[in-house]
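> coords below, sequence missing:
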């Protein structure tokens, strides 16, 4: 792989991506169009996150890659290997030791610090997409802060189901301005979006980058009488006993037996090692 | 037990090893050479070059071999390679009027300067399986004639002399580059054509076919279809003049479409345009039809609400690498979002049951 530049992308491309990242940080929650490149993995498999990570990594960084909260899911393994080969950076599974964390569908349970960057893989960056399929229309709606349609959708949920029926990719308002899709994280993770670390979101196929700077106000959309609620399975982890972590439900046998375990594998292991 | 649901490095490595073995197939059968693919599966090679946006028959053959004949996978390999190549500059516009035509037909004029040349076409073959090919493929040499020396003018030029076909605006401005800038709407015609040229053949064909069946129908005549080689020239700043850097095979299609005229334009013919790498005439004709359908706004036609008129719909969905990637990503784990849906559905069901129980108790 020595034929490729550090972290695969050429320096001009990285510069273009860094400009988009900086613009995204300057206008929190705004989707910045960028000239996404074809990557050697398929669109929809984290090409946006990979491009943002490639433009962010320095040789001194320590990278962690998770998918569904776990370091050992196949696509996380594949992306981590990609950067081991093309950037030669150190990698880790320990959340606290990582300087850059690329994630799909989760925010780590451990609190992140100012020295860390969290990079999200984003499939559909537009929170209004399933209300209005046209990009030309949704961009206009954002520029006019015309978010009534989203509130109507949430209201209709309540009138039909008695609750807001969005369980992941729950829309948020960033810095009192843009409505943003936090990527398909469970709404359990939404409160963590206000954090000390830099959060970068990359959508490769849709050619968009957006960002949430540290300590930025991020509010999950709700109503006064139907306040936002971060939910999880009503269990404790069957491996580490944690009652505060997001859980995966694992089917154990064909008699309906199941167990609940932390989706954040590093969090779970750290807790088990501490008590051992 | 629990670990079993998570993937792992070993699983990936083993899968790759097995894939390599399957790609090779039965080792008692000779291995395909790249030259064999390039020479004998040349239309597959052409499609990979066209949709991969890279003119290199040997690399396309390699990609086809590596992809086990899955052309979209091969196109993906070429795209991913192409994007890493340094850019030295841009060539000048190729002159298709100076093309050395292997094939050149017009459906609008019985004869024209340059003549009708059928070339190596499937058109009038009877689609009967040739069982002799299963045994041996030796073919007698085809009859040949000296190539035409003078340039072959475009058919639409003859219509243009009478002012019967709309004159396209000329411009020396560099067009936007789809591979270097994000696609934003509205897209101008140059950008639309770039997108269609690398768009999926099946998708563009389906869109074109829909216009023929009445979804924004605009009856198209194939004014001209030509296939052949053109010179590629590049201006070298150090030299101060253009030099020939090679030649490429292209398929070009110009359709002639009816146009009743609008408030600003007199009645005249308009055109749709298709240009594709290699011998890819199905794609070139499809592209021309879709190009014409997408021009409704600039020609002052009505928006009939047809899919082929909707540039956002067509351009956002014609790229098969984007489409297949996103489609296939749903194979990836979604435990976390599915879990959140599970909990939500359980909660909603619980509440619904409570409501029913409450109502029954009240009755």
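On my side now, so go ahead. Values in this document were obtained by computation on a predicted structure and should not be read as measured data.

> any idea how far apart the tips of stretch A:54-74 sit?
20 Å (C-alpha to C-alpha, to the nearest Å).

> likewise for stretch B:186-204?
19 Å.

> how much space between the residue sitting nearest the centre point of chain A and residue A:67?
The residue lying closest to the centre of chain A (C-alpha atoms, centre = their mean) is residue A:120, at 3.5 Å. Distance, residue A:120 to residue A:67, using C-beta to C-beta, to the nearest Å: 12 Å. Yep, even glycine has a C-beta here, placed from its N, CA and C like the rest.

> same question for residue B:118.
Look at residue B:118 and residue A:67: by C-beta to C-beta, they are 55 Å apart.

> neighbour count: these two, which is higher?
Neighbours were counted for residue B:118 and for residue A:67 using other C-beta atoms under 10 Å in any protein chain shown; residue A:67 has more, 30 against 11.

> run a quick neighbour tally on residue 60.
No chain in the question, so chain A it is. Residue A:60, neighbours per other C-beta under 10 Å, totals 8.

> wrong one, chain B
Neighbours around residue B:60, by other C-beta under 10 Å: 31.

> the helix or strand harbouring it near chain A at all?
Element membership for residue B:60, per DSSP states H and E: helix B:57-66. No. Counting by C-beta under 8 Å from any C-beta of the partner chain, chain A is not contacted by helix B:57-66; separation bottoms out at 12.5 Å.

> return the distance of that helix from the chain's centre.
Relative to its chain's centre, helix B:57-66 lies at 17 Å (C-alpha atoms, centre = their mean, to the nearest Å).

> ditto for stretch B:66-77
Distance, stretch centre to chain centre, for stretch B:66-77: 15 Å (C-alpha atoms, centre = their mean).

> same check on stretch B:121-141?
In this view, stretch B:121-141 has its centroid 27 Å away from the chain centroid, taken as C-alpha atoms, centre = their mean.

> identify the residues contacting that stretch?
B:103, B:118 (C-beta atoms under 8 Å, 6 or more residues apart in numbering or on different chains).

> what mean pLDDT does that stretch get?
Averaged across stretch B:121-141, the pLDDT comes to 89.

> tell me the span between the first and last residue of that stretch.
Start-to-end, stretch B:121-141 (C-alpha to C-alpha) is 16 Å.

> ok, stretch B:190-209 next?
22 Å.

> could I get the buried residue list for that stretch?
By 16 or more other C-beta atoms under 10 Å in any protein chain shown, the buried positions in stretch B:190-209 come out as B:191-201, B:203-205, B:207-208.

> again, but for stretch B:167-178
Neighbour-count burial for stretch B:167-178 [16+ other C-beta under 10 Å]: residue B:178.

> about what we covered before: which helices and strands does the helix holding residue B:60 pack with?
On a contact count with 3 or more C-beta pairs under 8 Å, 6 or more residues apart in numbering or on different chains; DSSP states H and E, helix B:57-66 meets helix B:34-40, helix B:42-52, helix B:71-82.

> you'd agree residue B:95 is up against residue B:228?
No. Between residue B:95 and residue B:228 there is no contact under C-beta atoms under 8 Å: 11.8 Å.

> who's more crowded, these two?
Between residue B:95 and residue B:228, counted using other C-beta under 10 Å, the more crowded position is residue B:228 (22 against 11).

> look up which helix or strand the more buried one falls in, please.
strand B:220-236.

> gap between that strand and the chain center?
16 Å.

> contacting residues around residue B:316?
A:135, B:183.

> run the last query once more with 10 Å
A:133, A:134, A:135, A:205, A:206, B:183, B:185, B:195, B:310, B:322, B:323 (C-beta atoms under 10 Å, 6 or more residues apart in numbering or on different chains).

> surely it is in a strand?
No. Counting by DSSP: H, G, I helix; E, B strand; the rest coil, one finds residue B:316 to be helix, located in no strand.

> one step back: now the helix holding residue B:60: buried residues?
Neighbour counts over helix B:57-66 (16+ other C-beta under 10 Å) mark B:57, B:59, B:60, B:61, B:62, B:63, B:64, B:65 as buried.
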